[in-house]
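Enquirer: Sequence and predicted structure, then a few things I'm wondering about:
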Amino acid sequence: MRTPVVAGNWKMNGTQASVQALVEAIRTGADAQWKSAIVLCSPFPYLQLVADMLVSSRMALGAQNVSEFGAGAYTGEVSASMLQDCGVQYVIVGHSERRALFAETDAQVADKFATAIAGGLTPILCVGETLSEREQGKTLSVVETQLAAVIERVGVESFAKAILAYEPVWAIGTGLTATPEQAQEVHGALREMIASRSSDIASGVRILYGGSVKAANAGSLFACPDIDGGLIGGASLDATEFLAICQAAG
Ligand code: PEP
């Protein structure tokens, strides 16, 4: 039985005051009975603030990016060990915004994934196709290429310590959501791709769906057999909406 995960990706939003209010509201509203893991992925400047607020809570702290390098002359970068030192447990790697806007390649994403694992963090690896790739029938080959780049770099066993997220690019921040059938088809295929290397790893790995998840559509997505929770962007900035999504995950 896989424990669902709901991870909020705040992206580059917030102030100290708004982050404090959001975390307080989520912490107060989170039900101790829910079994899903809840992860809050904060911008770097607010990580310590959130870490302090999450002490003795049922929620975990995540970051939105990590350098593929260790310590040294890498101006502006943040290493896995720095994140761990600030209480971070999870880190998003390969988000489509980083791939598209910051030109992160499959190889770089694989290096970031490897660095995260080596640094004791749980990577949340994002894969997903653009609208034109979907329209050309390339969805499964695109996500397979993105996933295979990481598996070839670190080995399939690393997915015992990682989370996968299917995020169709056309659904991110657009209000368009994959139907449960569309999402399940890709989630099932991703699990099969891992199963072809290790059935044990495949049956244990959590695969999250991300792309305009809201309280209104979370239940039908999370009911799919291969969807193990969500990676939530816009709706994670609204405590009521985010808590309703967590509740839908159980
Ligand atoms: C995301 O950025 O990972 C995401 C899924 O965003 P949204 O929920 O806003 O589509």
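Expert: On my side now, so go ahead. Numbers count the residues shown, from 1 in each chain.
Enquirer: Give the burial count for the residue in the chain positioned nearest to the ligand, as a bare number.
Expert: With Cβ to the nearest ligand atom as the measure, Gly233 is the residue of the chain nearest to the ligand, at 2.1 Å. (Glycine included, C-beta is placed from N, CA and C.) Neighbour count for Gly233, taken as other Cβ atoms under 10 Å: 22.
Enquirer: The residue nearest the centre of the chain: what secondary structure?
Expert: Centroid-nearest residue in the chain: Ile124, 4.2 Å away (criterion: Cα atoms, centre = their mean). Classification of Ile124 by DSSP: H, G, I helix; E, B strand; the rest coil places it in strand.
Enquirer: Who are the contact partners of it?
Expert: Neighbour list for Ile124: 7, 39, 62, 90-93, 162-165, 208, 231 [criterion: Cβ atoms under 8 Å, 6 or more residues apart in numbering].
Enquirer: quick one: the helix or strand containing Glu181 near the ligand?
Expert: Element membership of Glu181, judged by DSSP states H and E, is helix 180-195. No. Using Cβ under 6 Å from any ligand atom, helix 180-195 stays clear of the ligand, with a minimum separation of 12.0 Å.
Enquirer: follow-up on the earlier one: with adjacent residues omitted, what lies nearest to the residue of the chain closest to the ligand?
Expert: Nearest residue to Gly233, sequence neighbours excluded (Cβ to Cβ, 6 or more residues apart in numbering): Asn9, at 5.1 Å.
Enquirer: again with Cys224
Expert: Going by Cβ to Cβ, 6+ apart, Cys224 has Gln184 as its nearest residue, at 4.1 Å.
Enquirer: Double-check the one you found against Asp226; I have them as touching.
Expert: Yes. Proximity of Gln184 to Asp226 meets the contact threshold set by Cβ atoms under 8 Å, at 6.0 Å.
Enquirer: How about the residues of this structure by the ligand?
Expert: Neighbours of the ligand within the chain, by Cβ under 6 Å from any ligand atom: 9, 167, 172-173, 210-213, 231-235.
Enquirer: Show me the strands in the protein, by range?
Expert: Taking DSSP state E as the test, the strands found in the chain are 5-9, 37-42, 59-63, 90-93, 122-127, 163-166, 206-210, 229-232.
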